[in-house]
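Participant: Would you be able to build a 3D model of this:
(chains A and B)
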There are 2 protein chains.
Amino acid sequence: LHQKKYRNREGLFLAEGVKLVDELLNSSYEPYRIYSTDPDLHAGAQLITEATLKKISVLVQPNKSLGIFKIPSPEPLSFAGWILALDRVRDPGNLGTMIRLCDWFGIGQLLCSSDTVDCFNPKVLQATMGSIARVNIHYLPLAKALTQSKLPVFGASMEGSDVTAIDWPGEGILVMGSESHGISAEVRTLVSRTLSIPGYGGAESLNVATATAILLHEIRREGFIQR
Amino acid sequence: LHQKKYRNREGLFLAEGVKLVDELLNSSYEPYRIYSTDPDLHAGAQLITEATLKKISVLVQPNKSLGIFKIPSPEPLSFAGWILALDRVRDPGNLGTMIRLCDWFGIGQLLCSSDTVDCFNPKVLQATMGSIARVNIHYLPLAKALTQSKLPVFGASMEGSDVTAIDWPGEGILVMGSESHGISAEVRTLVSRTLSIPGYGGAESLNVATATAILLHEIRREGFIQR
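Facilitator: Numbers count the residues shown, from 1 in each chain, chains lettered A, B, ... in the order given. Okay, here's the model as predicted:
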């Protein structure tokens, strides 16, 4: 289950660590097997030794528990509210961090282009810190999905409008591109407004997860201030 | 040089990849040896084979060039402007990303508590994307340094004031704590104002690098709007 092809064939994925296993057990995810060096930690957990845990874990320092869960079918996609869309994001840590950001900012739906890294990759799961349990993730041909939506589509780019000067609508889609190539040409034609984060001229660019953090914060900012 | 003790003993560090080597060569960093599979890429580079590169590299997929540089003495610390201070940050990717953020937001000085991960760790360097060349980094006993400064000290915490409602001074120190334990008790007593990022109640916390991105963006935001 460390590899995508086996996860998809079995319809199962592996979640490691006490916190992640707990978050998934308290969600709509369906457990298949739960193993722990301390079976009192989770209902229905089977005792395993430290040595066995080390053998099946992908982590250098495994943390007590390991769960095998069924890969869920995502809830039907609904083009409403704010949606984050990722075009060809390849780094597992970045994807996991962005799932955690969606959870923090109340973004319930995440669209991923078919070539974005798999969200059940163990490194992605680790970086979500359990937030995967609360975000609906859809893998799909992104350009096609965007043409089916009537929401305004915003995209991050180096030459966009200053993100601090945007009058945000109540709903929309924010598209973030890959770490090295940005938004693909096909998707770019569907972006109605490009945004950029003002910088002070040192670094050429920001990491995609930190840029997403700032953009989602800006989208939610007016609501925060009114609250 | 993959390990801190050898880097400190030799006063040298290893930088990998064409872009990082180029950024360091174009900075005040002093090169010791530059190796590349394509010596035309950098002035003074020595030719090595792909096989040799693979052997000395820490990366799974090394990128053509590898440079050995002298560890510089940081420029004298000056308590002026905005300064970022990190208390016990352990993850190399997070530190590297925050160095890149400093560069983007024009924060020229970064203070790291003595137990923060070493900035010349290869994974940190990789994540800085060359920004290490433009940020002055000081490792020091953080609490002692903060008592020597007259700048206002801001700290991120889960129970702080809403970051969008702060009237930022023109200069100050922003303290970010460790991924799992936040700001240490000793440093916390020196924080004059705690800040938090408004969330929508899903995730318990944000990754330290994404939280830093939002806070630095907020600090610089008024200036952006006035510009």
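
Participant: use CA for all of it now, contacts and neighbours both
Facilitator: Fine.

Participant: Go ahead and confirm A:T194 touches A:I166.
Facilitator: No. If you go by Cα atoms under 8 Å, A:T194 and A:I166 don't touch, sitting 10.5 Å apart.

Participant: Of the two, which one has the most company?
Facilitator: Legend: neighbour count by other Cα atoms under 10 Å in any protein chain shown for A:T194 and A:I166, higher for A:T194 (19 against 12).

Participant: does the more buried one have beta-bridge partners, and which?
Facilitator: A:G155 (DSSP bridges).

Participant: Please enumerate the strands of chain A.
Facilitator: A:12-16, A:31-36, A:46-47, A:65-70, A:82-86, A:109-113, A:136-140, A:153-162, A:172-176, A:193-196 (DSSP state E).

Participant: Show me what the last one is packed against.
Facilitator: Translated: strand A:193-196. If contacts are counted by 3 or more Cα pairs under 8 Å, 6 or more residues apart in numbering or on different chains; DSSP states H and E, strand A:193-196 sits against strand A:153-162.

Participant: tell me the angle of the top helix by length along chain A relative to strand B:153-162?
Facilitator: Assignment by DSSP state H gives helix A:208-226 as the longest helix of chain A. If you take axes from the mean of the first three to the mean of the last three Cα atoms, to 10 degrees, helix A:208-226 sits at 50 degrees to strand B:153-162.

Participant: can you list the residues of chain A near chain B?
Facilitator: Listed as neighbours of chain B in chain A under the rule Cα under 8 Å from any Cα of the partner chain: A:97, A:100-101, A:103-106, A:130-131, A:134, A:164-165, A:198-207, A:209-211, A:213-214, A:217, A:221, A:224-225.

Participant: check contacts around A:L77.
Facilitator: A:Q109, A:H138 (Cα atoms under 8 Å, 6 or more residues apart in numbering or on different chains).

Participant: How about the contacts made by the residue nearest the centre of chain A?
Facilitator: Centrality entry for chain A: nearest residue to the mean C-alpha point is A:I99, 2.8 Å, by Cα atoms, centre = their mean. Shown in contact with A:I99 (Cα under 8 Å, 6+ apart): A:L110, A:T128, A:S131, A:I132, A:V135.

Participant: Now do it against B:G202, distance only.
Facilitator: Applying Cα to Cα, to the nearest Å, the value for A:I99 to B:G202 is 11 Å.

Participant: Report the contact partners of A:F69.
Facilitator: Taking Cα under 8 Å, 6+ apart, we find A:F69 in contact with A:L12, A:F13, A:L14, A:A15, A:Y29, A:E30, A:P31, A:Y32, A:R33.

Participant: about what we covered before: ChimeraX command to pick out the buried ones of the residues of chain A next to chain B?
Facilitator: A single ChimeraX command selects the buried members of these (16 or more other Cα atoms under 10 Å in any protein chain shown):
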select /A:97,100,101,103,104,105,106,130,131,134,164,198,199,202,203,205,206,207,209,210,211,213,214,217,221,224
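
Participant: For stretch A:47-54, what is the distance to the chain centroid?
Facilitator: Remark: stretch A:47-54 is offset 29 Å from the chain centroid, using Cα atoms, centre = their mean, to the nearest Å.

Participant: what do you get for stretch A:203-220?
Facilitator: 14 Å.

Participant: now do stretch A:55-69
Facilitator: 21 Å.

Participant: what do you get for stretch A:95-112?
Facilitator: That offset, for stretch A:95-112, works out to 5 Å (Cα atoms, centre = their mean).

Participant: Now do it: distance from first to last residue.
Facilitator: 10 Å.

Participant: repeat for stretch A:38-49
Facilitator: Stretch A:38-49 has an end-to-end distance of 9 Å (Cα to Cα).

Participant: Over to stretch A:34-46?
Facilitator: For stretch A:34-46, the first-to-last residue distance is 6 Å (Cα to Cα).
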